Every structure is written in structure tokens, then in C-alpha cells.
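Colleague: no FASTA, just this:
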């Protein structure tokens, strides 16, 4: 799972990235913008995996992880090329976390303006829509040129239909994520990885002192249909250097129960509509991330393509039931150990063992 941290220059993206990854990348406000993204992998510390590992005592314990990409400020300069390496890297991510500066700084105000977060969010949405429109219109021009040369396949016609619907939607000032495309249309344009089609989470990056004063802005952003949370990035980065007991005391003073790593990974799971199933055994206990609504054969393919290709049945039981009864043996005796077919919808916390034959 790849998540892009994006936003205006000096909004605190790298500070938040450092807090997430325990990194020490420069955050000086006078430093020039970076030319490439910082990349860090954050382990999703799921207590269920910890307890399963204690029960099975495997050789390896593998938690799920999230890959965060901290990109330089985008839409910051006139004439930026939406097909540049930076833009391509951003679009390759599955979702965006848009970080907006909500802390005061007179020097940054002079350099980058002091527009309120809602106005900056609107600007970003407009820029994403405009960038997508340019890409879609360029592709339509190529399709029309191909028609003149006699290239007119059913697949291209589906793509053209989808693109024309997208352009009409964008011209109305609406993001692609709000457009319902038919399955074949969505597949036809998936490769474009449009900006405004990506799920978007907004983080208001404020000072420690104003952490509890952002509710009005948060609600206004949520009223526009976005997920939104508040974060004190500098405070969170400072917590990383403290001993766990001391960090917990400071978090309690702020009314925080979880670290930024745990909070943001959970938010990203909610944003993308994913959850975890597990595989267990003496060799390995592991978490696997899948979209909600995924069936058993698709989940099997997440483990290995051979398991999906030769799928017979999924032996299935649930984490909560295992913890309540203590062993697989008792689950079998109580009839809580199930055999499920290809169409079974895998639930959060399910433990699977795939029967297959290739």
C-alpha cells in the first residue's frame, strides 16, 4: 500500500514523514525544495498479529506495512509538467494525504501566502481537475487521429466513451472520484491514474497550542466529502525522540491515545476501504491487506498466484474465536472451523489456510 504525502511547500510534510518513520530528513524552512520524494515503510503494529505470534511461536512474524512517499510541494510553480517524474511518482500511489499548513509563521506567510486551509484545499482540487483534463483531452486527440487512420477497435471506443464522460465531469468542476463509471469504462482508463480519482485524506498541520481549536475547519472540510483530521506535526516529531513512557505522558496531555504512526495507518486503511486477514503456522504468522468485499479466491491470490489458480477450499476461522477458545483443536470440536468456497467474502480478522491443487 503506497500513500503519497502531498501539499504546498513548507506545509510540514517532511516533519510528519519524520514522525511516521523516525527519520531525520531536513525540515528547515529556508531549505530549497527537494527534487525527489523521501520514501519510508511503516509497520502496521496490529496487536492481533502479536498475540497470534505468541500462540504459534513461528520462525517469522510479518506485520502489514504502509509505504509513505513524502513528495516536494506540488502545484507550486507555473508551467509544471504533469507528466514529469515527480507527478508520475505521485500518481503511482494508491491514495493521497494532503497536508495543509494551519500554523502561523510570518516568514512563510510572506513567501507562500497565508490563505486559509479551505481555500488551499479548493486550489488543490482545481489544479488536480485541470491536470486530469489536460491528460484526458490529449488522449482524446490521439484517439481521433487514430480513427482517421482506420484504428477503431471496441476497446478504444469504450475508452473514448469513458474519457468523454470524464471530461464532461471535470469541466463541471467535479473530481473523478465522484463519477460512477461502468466496470469496463473504469478498466479502460485505469492506466491514466488520474489525480482527482484518488482517495484523499486532509491533515490540518497545526501547532501544539492550537491543536484543539480546529474543529470548525475540520467540519467544513468533511462537509465537502473529504476525510479530515488535525495533527501537530512538530509535536509528533519531537515525541519520536522520547522514551515510550515519557511520550505517553505528553500524548495524554494532548488527549491522544495513539501515536501518529498508528493513527495515520488506521486512517489510510479506512480511506482505501481495506482490512486484514491472517495466515498462521510454525513457519510464519502474517497479516495480509485486502479490499473489503474481497472473496476467498482473490485473497488466496494475494498470498500466491498458484493458490488462486488451483483453489479448492479455504479452511477458515476467526481471530476472536481463536482467542476466546485458545486453540484450533477446540474450534474444530465446537464446529467453528469452516470450509469456505471461492465466493466467500473474507472478513477482517479471518485466519485462512488455502487448500489447492495445481
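Modeller: Everything's here; your move. Just so you know, these numbers come straight off a predicted model, no measurement behind them.
Colleague: hey, let's count contacts and neighbours off CA atoms from now on
Modeller: Fine.
Colleague: what separation do you get for residue 165 and residue 122?
Modeller: Residue 165 is 22 Å from residue 122, where distance means C-alpha to C-alpha, to the nearest Å.
Colleague: pLDDT weak spots in the stretch 101-250 of the chain?
Modeller: 111-112 (pLDDT under 70).
Colleague: which residues in it form helices?
Modeller: 106-112, 117-148, 154-171, 183-189, 215-223, 233-240, 244-254 (DSSP state H, counting those that start in this stretch).
Colleague: residues in contact with residue 119?
Modeller: Residue 119 makes no contacts at all, as judged by C-alpha atoms under 8 Å, 6 or more residues apart in numbering.
Colleague: deepest of the helices of the stretch 101-250 of the chain, which one?
Modeller: helix 233-240 (a mean of 20; mean count of other C-alpha atoms under 10 Å).
Colleague: which one of the helices of the stretch 101-250 of the chain lies closest to residue 309?
Modeller: The minimum distance between residue 309 and those falls on helix 183-189, with 22.0 Å, by C-alpha to C-alpha.
Colleague: and for the closest one, what's in contact with it?
Modeller: 155, 158, 159, 161, 162, 163.
Colleague: residue 347 is nearest to which of the helices of the stretch 101-250 of the chain?
Modeller: It is, among the helices of the stretch 101-250 of the chain and with distance given as C-alpha to C-alpha, helix 183-189, at 23.8 Å.
Colleague: for residue 121, which non-adjacent residue is closest in space?
Modeller: Spatial nearest neighbour of residue 121, excluding adjacent residues (C-alpha to C-alpha, 6 or more residues apart in numbering): residue 100 at 7.7 Å.
Colleague: tally of neighbours for residue 290?
Modeller: 22 (other C-alpha atoms under 10 Å).
Colleague: list the buried ones in stretch 253-271?
Modeller: 259, 260, 261, 262, 264, 265, 267, 268, 269, 271 (16 or more other C-alpha atoms under 10 Å).
Colleague: I'd say residue 262 and residue 47 touch.
Modeller: No: the pair formed by residue 262 and residue 47 falls short of the contact definition of C-alpha atoms under 8 Å, at 11.3 Å.
Colleague: that older thread, save the contacts of helix 183-189 as JSON lines, and put in distance to residue 85 too.
Modeller: Formatted as JSON lines, the contacts of helix 183-189 follow (distance: C-alpha to C-alpha, whole Å):
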{"residue": "155", "distance to residue 85": "28"}
{"residue": "158", "distance to residue 85": "29"}
{"residue": "159", "distance to residue 85": "25"}
{"residue": "161", "distance to residue 85": "28"}
{"residue": "162", "distance to residue 85": "26"}
{"residue": "163", "distance to residue 85": "23"}
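Colleague: which one of these sits closest to residue 8?
Modeller: Nearest to residue 8 among those, with distances taken as C-alpha to C-alpha, is residue 163, at 28.8 Å.
Colleague: list the contacts of the closest one.
Modeller: Neighbours of residue 163 in contact, by C-alpha under 8 Å, 6+ apart: 136, 140, 189.
Colleague: mind redoing it with 6 Å?
Modeller: Counting by C-alpha atoms under 6 Å, 6 or more residues apart in numbering, residue 163 touches no other residue.
Colleague: just the buried residues of stretch 253-271: which are in helices?
Modeller: Taking DSSP state H, the ones among the buried residues of stretch 253-271 that sit in helices are 260, 261, 262, 264, 265, 267, 268, 269, 271.
Colleague: excluding its backbone neighbours, what's nearest the last one?
Modeller: The spatially closest residue to residue 271, leaving aside those adjacent along the chain, is residue 199, at 6.5 Å (C-alpha to C-alpha, 6+ apart).
Colleague: okay, now that neighbour: neighbour count?
Modeller: 17.
Colleague: distance of it relative to residue 177?
Modeller: From residue 199 to residue 177 the distance is 7 Å (C-alpha to C-alpha).
Colleague: shared neighbours of the two, anything?
Modeller: Joint contacts of residue 199 and residue 177 (C-alpha under 6 Å, 6+ apart) do not exist.
Colleague: let me see the ranges of the strands in the stretch 251-358 of the chain.
Modeller: 274-279, 284-291, 311-318, 338-340, 350-356 (DSSP state E, counting those that start in this stretch).
Colleague: how about the shortest one: buried residues?
Modeller: In other words, strand 338-340. Neighbour count says strand 338-340 has 339, 340 buried, by 16+ other C-alpha under 10 Å.
Colleague: so what does it touch, helix or strand wise?
Modeller: On a contact count with 3 or more C-alpha pairs under 6 Å, 6 or more residues apart in numbering; DSSP states H and E, strand 338-340 meets strand 311-318.
Colleague: quick one: residues in contact with the strand it packs on.
Modeller: 337-341, 349-356.
Colleague: make it 8 Å
Modeller: Contacts for strand 311-318 (C-alpha under 8 Å, 6+ apart): 296-297, 300, 331, 336-342, 349-357.
Colleague: what's the PyMOL syntax to select whichever of those residues are buried?
Modeller: Entered in PyMOL, the line below selects the buried ones among the contacts of strand 311-318, by 16+ other C-alpha under 10 Å:
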select buried, resi 296+297+300+331+336+337+339+340+342+349+350+351+352+353+354
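Colleague: look up how far residue 278 lies from residue 302.
Modeller: For residue 302, the distance to residue 278 - C-alpha to C-alpha - is 11 Å.
Colleague: shared neighbours of these two, anything?
Modeller: What both residue 302 and residue 278 touch, as defined by C-alpha under 8 Å, 6+ apart, is the set residue 288.
Colleague: settle it for me: which of those two has more neighbours?
Modeller: residue 278 (23 against 15).
Colleague: good, wrapping up.
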